[in-house]
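J.: Next one to model:
(one chain, ligands or ions: 2)
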Amino acid sequence: MSNINWAALQLAAKHASEQAYAPYSKFPVGVAVLAQSGKIYTGCNVENASYGGTVCAERNAIGAAIVAGERKFDALMVYTPQAQLTPPCGICRQVIAEFFMPDAPVASCNHLQQQQTWSLVELLPAAFTPTYLANSTKVDGNT
Ligand SMILES: O=c1ccn([C@H]2C[C@H](O)[C@@H](CO)O2)c(=O)[nH]1
Ligand SMILES: [Zn+2]
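T.: Numbering: from 1, shown residues only. Ligands and ions are numbered 1, 2, ... in the order given. Below is the predicted model of the structure:
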């Protein structure tokens, strides 16, 4: 998609970061995803006293969109709490690859109004995707 409203994604991701539950890392992250429907969904990181129970902002944003019925996405924006712009972690890259095209933009922004944009395939080359599963219904099915 060519006409992505990056400013709207940045603002939505920033607002989501303000809801982050990150008492352990003190690294509050917000994410906004643009679904093919044109709607924006958000998520924040939700940490846990059992640290491995933590869920990143990316997966929470995608989950919020999925439960609203979305299956395809055009862009993802991370709002990172530091000057150095940060891409999604490895687990989230795999989850993004389930629902985004390889050339989809995955971006990071910060309080300095900076933005860095990668393509998904740059972040996760040779991804294992639903197409490798013989009986896959890809992203359109419910099973
Ligand atoms: O892109 C990222 C990077 C990190 N985190 C979270 C996980 C953990 O709660 C904290 C520190 O890694 O930030 C995210 O939610 N998204
Ligand atoms: Zn992650």
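J.: Give me the average confidence score over stretch 80-96.
T.: Per-residue pLDDT over stretch 80-96 has a mean of 98.
J.: In it, which residues are buried?
T.: Buried residues in stretch 80-96, counted by 16 or more other C-beta atoms under 10 Å: 80-81, 85, 87-88, 92-93, 95-96. Quick note: C-beta positions are derived from backbone N, CA and C, even for glycine.
J.: tell me, which of the residues you listed make contact with ligand 1?
T.: P88 (C-beta under 6 Å from any ligand atom).
J.: JSON lines for the buried residues of stretch 80-96, including distance to T42?
T.: Below are the buried residues of stretch 80-96 laid out as JSON lines (distance: C-beta to C-beta, whole Å):
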{"residue": "T80", "distance to T42": "15"}
{"residue": "P81", "distance to T42": "15"}
{"residue": "L85", "distance to T42": "18"}
{"residue": "P87", "distance to T42": "18"}
{"residue": "P88", "distance to T42": "15"}
{"residue": "C92", "distance to T42": "14"}
{"residue": "R93", "distance to T42": "19"}
{"residue": "V95", "distance to T42": "15"}
{"residue": "I96", "distance to T42": "15"}
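J.: Look up phi and psi at E98.
T.: For E98, the backbone dihedrals (degrees, to the nearest 10) come out as phi -70, psi -30.
J.: quick one: the strands in this structure?
T.: Using DSSP state E, the strands of the chain run over residues 30-35, 40-44, 73-79, 105-109, 115-119.
J.: how close does the most centrally placed residue in the chain sit to ligand 2?
T.: By C-alpha atoms, centre = their mean, the chain has its centre lying nearest to E58, at 3.5 Å. Computed as C-beta to the ion, to the nearest Å, the E58 to ligand 2 distance reads 5 Å.
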